[in-house]
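Visitor: Following is a predicted model, sequence given first.
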Amino acid sequence: MSLQITPFWAGALGVLFVLLSVRTLRLRRSLGIALGDAGNETLRRAIRVHSNFAEYVPLTLLLATLLELRGARPGLLHAVCACLLVGRIAHAYGVSRTDENFAYRVTGMALTLTALGAASLMLIFGAP
């Protein structure tokens, strides 16, 4: 069985990760901060957005890939992956702002955890 769905979503999430990485690197360069955040709130937020992405996306994508290999319904798989992507965008937007609107952060984490939890449960209970 060849993978048709998760590679697309992995690519989309990879592009987002590159954008978050470049944003953090540019911010570091403009502030002259090579390591850590030197107490700069904007840089601290950019680092956390980038790190939080790296903490949640790989496992969720792995679970989605396993679902696809098990023959999960395409609609369910697209829903899980779209939920993850939208969640990561909302989280990044919310946390990046120093005048943070917690609604974006909460929505982003809720969507991310929904994707992670749904994929996990579908694998445990064998949902197609």
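Guide: All right, it came through fine.
Visitor: For the protein, which residues score under the pLDDT cut-off?
Guide: Across the chain, the ranges flagged by pLDDT under 70 are 1, 128.
Visitor: now the helices for it?
Guide: In the chain, helices defined by DSSP state H lie at 6-31, 41-69, 74-96, 102-125, listed in chain order.
Visitor: and the first one, which residues are buried?
Guide: Taking 16 or more other C-beta atoms under 10 Å as the basis for neighbour counts, the residues of helix 6-31 that come out buried are Thr6, Trp9, Ala10, Leu13, Leu16, Phe17, Leu20, Thr24, Leu27, Arg28. Any C-beta I mention is one placed from the backbone N, CA and C, and that applies to glycine too.
Visitor: same deal with the shortest one?
Guide: Of the residues in helix 74-96, those scored as buried under the neighbour-count criterion (16+ other C-beta under 10 Å) are 76-78, 80-81, 83-85, 87-88, 90-96.
Visitor: That helix packs against which elements?
Guide: Applying 3 or more C-beta pairs under 8 Å, 6 or more residues apart in numbering; DSSP states H and E, one finds that helix 74-96 makes contact with helix 6-31, helix 41-69, helix 102-125.
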